[in-house]
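*Asks:* got a sequence here, can you build the structure:
(one chain, ligands or ions: 4)
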Amino acid sequence: MAKLNFGGTEENVVTREEFPLSKAQEVLKDEVVAVIGYGVQGPGQALNQKDNGINVIVGQRKGTKTWDKAVSDGFVPGETLFEIEEALEKGTVICYLLSDAAQIALWPTVKKHLTPGKALYFSHGFGITFNEQTGIVPPADVDVFLVAPKGSGTSLRRMFLQGRGLNSSYAIFQDATGKAFERVISLGIAVGSGYLFETNFKKEVYSDLTGERGTLMGCIQGIFAAQYDVLRSKGHSPSEAFNETVEELTQSLMPLVAENGMDWMYANCSTTAQRGALDWWKKFRDATKPVFEELYESVATGKESQRSIDSNSQPDYREKLDAELKELRDSELWQAGKTVRSLRPENQAVEA
Ligand SMILES: NC(=O)c1ccc[n+]([C@@H]2O[C@H](COP(=O)([O-])OP(=O)(O)OC[C@H]3O[C@@H](n4cnc5c(N)ncnc54)[C@H](O)[C@@H]3O)[C@@H](O)[C@H]2O)c1
Ligand SMILES: CC(C)(O)[C@@H](O)C(=O)O
Ligand SMILES: [Mg+2]
Ligand SMILES: [Mg+2]
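*Replies:* Numbers count the residues shown, from 1 in each chain. Ligands and ions are numbered 1, 2, ... in the order given. Model prediction:
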C-alpha cells in the first residue's frame, strides 16, 4: 500500500501499479461474485468485472425492465443471470447493490445465504452505519467491506471503456477470513477503480451523503438557480443567463479545473475575472458554510438516512422522484439548457 501526501496529510492508497488486474484475477479465481441489483451501480460494476475476466453473475427480479437490460448487456439467464435468491445462494461474494432503502426489505433473505467464509460487499456505508434504522447486522463469520466508486455507475462504465478509471474508497468492517483486504482490493480493481483510498463505513457514508446533498448535486443546483434567477430578473435573456451560469462552467471552466486545479483555471481567465473571483469567493464560502454545517449535522444525527429510507421505501417512490425531476427538467433554466445543448456543434446534424 502506498502512502501519499494529500496537501500535507499522508494517506493510504492502493494503485493499479501495485495491485494489478492480474493479481485481482488470481485472488478472485475461485470466487463467484454475485451482483445483486441492476440499477445504476449494478451494470457498471458487473460489466467491468465481466470484461476483467471475473466470474460474475447477476441477481435480479425476473420480469423487470432491469432483468431485460441485463440480458441485453450479455448476461445469460440460467448461466450468469438468476433470480435474486438463486444468485445469493451461488455467490461467494455478495455485492449488495440494491438501492439503500431496498436493502432493508431484502436483508432477511440475504442474511440467510451468508454462510461462513462468504463476503458481503457494499458500495456505501449506509446499511451498516445506520443499522439501527436498517436492521442490517451481518453474521460474525463473513467478511464485510465496501468499495464505493466516487461517481455514477454510468461514469464508472464509460471511463472503463475509455481505458480510464474512476477512483473509489474502500473500507473493511469485518475481517472474518483473514483475507478481507486482498478480497476487497481485488474487487475494487475488478470493478474498474483507477485507484482506491482508505476510509471506514461511517466516514464513507457521512462524506457521501454530505457531498451529494452539497456541492455535487443539491448545492450546485441551488447556486445555478439563484444566479440564473437574478440574471433573468435583471432582464437578461434565457440563453445569456444559462450560458453564463451553466454552459460555460461545464464546457469550458470545469474541464480546466479537472485538469490542473482551480488556480490554473483562474490563470486562464482574464485578470478582470481573476480579480473579481478572488474578491468574491470567500463571501460565497461564508454564506454557504452554515448550510453545510446544518447539512452535516442532519447526516450525523441520522435524519438524512431516515428521510431517504422513509421516502424510498414507498411503493410509488420512483414515480414521486420522477415527478420532482420533471419539475426540474421543465423549469425555464433547464429548458433553456436543452436548446443550448442542441446548439453545440457536435450535436448539430452533420452537413452533407
Ligand atoms: N447510483 C450510483 O451511481 C451510486 C454511486 C456510488 C454508490 N452507490 C451505492 O450503490 C448501491 C446501489 O445504488 P444504485 O443507485 O445502483 O441503486 P438503484 O436505485 O439503481 O437500485 C438498484 C436495484 O435495486 C432494485 N430494487 C429496488 N427496489 C427493490 C426491491 N424492493 N426488491 C428488489 N430489488 C429492488 C432495482 O430494480 C435496481 O435493480 C447503493 O448502496 C448506493 O448508495 C450508488
Ligand atoms: C454518484 C454519487 C452521487 O456519488 C453517489 O453517492 C450516489 O449516491 O449516487
Ligand atoms: Mg451516494
Ligand atoms: Mg457518492
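*Asks:* what's the local residue count around residue 330?
*Replies:* 10 (other C-beta atoms under 10 Å). All C-beta spots, glycine's among them, are computed from the backbone N, C-alpha and C.
*Asks:* again with residue 134
*Replies:* 18.
*Asks:* verify the stated contact: it with residue 105.
*Replies:* No - counting by C-beta atoms under 8 Å, residue 134 does not reach residue 105; the two are 10.2 Å apart.
*Asks:* for residue 201, which non-adjacent residue is spatially closest?
*Replies:* The spatially closest residue to residue 201, leaving aside those adjacent along the chain, is residue 125, at 3.5 Å (C-beta to C-beta, 6 or more residues apart in numbering).
*Asks:* check contacts around that neighbour.
*Replies:* 146, 148, 171, 200-206, 208 (C-beta atoms under 8 Å, 6 or more residues apart in numbering).
*Asks:* measure it to ligand 1 for me?
*Replies:* Applying C-beta to the nearest ligand atom, to the nearest Å, the value for residue 125 to ligand 1 is 9 Å.
*Asks:* one more: residue 22?
*Replies:* To ligand 1, residue 22 is 26 Å away according to C-beta to the nearest ligand atom.
*Asks:* so what's the residue count around that residue?
*Replies:* Neighbour tally, residue 22, other C-beta under 10 Å: 10.
*Asks:* repeat for residue 21
*Replies:* Neighbour tally, residue 21, other C-beta under 10 Å: 15.
*Asks:* before we move on, what about residue 159?
*Replies:* So residue 159, with other C-beta under 10 Å, has 20 neighbours.
*Asks:* what's the pLDDT at it?
*Replies:* The model reports residue 159 with a pLDDT of 98.
*Asks:* distance-wise, check residue 165 relative to ligand 3.
*Replies:* 19 Å (C-beta to the ion, to the nearest Å).
*Asks:* that residue and residue 21 touch, don't they?
*Replies:* No - applying C-beta under 8 Å, one finds residue 165 not in contact with residue 21, separated by 10.7 Å.
*Asks:* what packs against whatever helix or strand residue 71 lives in?
*Replies:* Using DSSP states H and E, residue 71 falls within helix 65-72. Judged by 3 or more C-beta pairs under 8 Å, 6 or more residues apart in numbering; DSSP states H and E, the packing partners of helix 65-72 are helix 41-51, strand 81-82.
*Asks:* circling back: out of the contacts of residue 125, which are inside helices?
*Replies:* Using DSSP state H, the subset of the contacts of residue 125 located in helices is 201-206, 208.
*Asks:* out of these, which end up buried?
*Replies:* Applying 16 or more other C-beta atoms under 10 Å to the ones in helices among the contacts of residue 125, the neighbour count classes 201, 204-206, 208 as buried.
*Asks:* output these as CSV; include the columns distance to residue 332 and pLDDT.
*Replies:* Converted to CSV, these look like this (distance: C-beta to C-beta, whole Å; pLDDT from 0 to 100):
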residue, distance to residue 332, pLDDT
201, 41, 98
204, 37, 98
205, 35, 98
206, 35, 99
208, 31, 98
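*Asks:* give the full set of residues in contact with the residue of the stretch 201-350 of the chain found nearest ligand 3.
*Replies:* With C-beta to the ion, the shortest gap between the stretch 201-350 of the chain and ligand 3 falls at residue 208, namely 4.4 Å. Residue 208 is in contact with 124-125, 148, counting by C-beta under 8 Å, 6+ apart.
*Asks:* between the longest strand along the chain and helix 41-51, how many degrees?
*Replies:* Using DSSP state E to define each element, the chain has its longest strand at strand 166-174. Calculated by axes from the mean of the first three to the mean of the last three C-alpha atoms, to 10 degrees, strand 166-174 forms an angle of 100 degrees with helix 41-51.
*Asks:* how far away from the center of its chain is strand 166-174?
*Replies:* Its chain's C-alpha centre and that of strand 166-174 lie 12 Å apart, by C-alpha atoms, centre = their mean, to the nearest Å.
*Asks:* for stretch 142-154, same thing?
*Replies:* 8 Å.
*Asks:* number of nearby residues for residue 170?
*Replies:* So residue 170, with other C-beta under 10 Å, has 23 neighbours.
*Asks:* do I have it right that it meets residue 186?
*Replies:* No - counting by C-beta under 8 Å, residue 170 does not reach residue 186; the two are 10.6 Å apart.
*Asks:* spell out which residues of the stretch 151-300 of the chain are next to ligand 1.
*Replies:* 152-153 (C-beta under 6 Å from any ligand atom).
*Asks:* helices along the stretch 151-300 of the chain, start to end?
*Replies:* Along the stretch 151-300 of the chain, counting by DSSP state H, counting those that start in this stretch, helices occupy 153-161, 180-190, 201-213, 218-233, 238-242, 248, 254-260, 262-267, 271-300.
*Asks:* now for the last one, which elements pack on it?
*Replies:* Where contact means 3+ C-beta pairs under 8 Å, 6+ apart, helix 271-300 is packed against helix 201-213, helix 218-233, helix 262-267.
*Asks:* could you redo the last one with a cut-off of 10 Å?
*Replies:* helix 201-213, helix 218-233, helix 262-267, helix 303-312 (3 or more C-beta pairs under 10 Å, 6 or more residues apart in numbering; DSSP states H and E).
*Asks:* anything in that helix near ligand 3?
*Replies:* No - against ligand 3, helix 271-300 shows no contacts by C-beta under 5 Å from the ion, the least distance being 11.0 Å.
*Asks:* buried ones in that helix, by neighbour count?
*Replies:* For helix 271-300, by 16+ other C-beta under 10 Å, it's 288, 295-296, 298-299.
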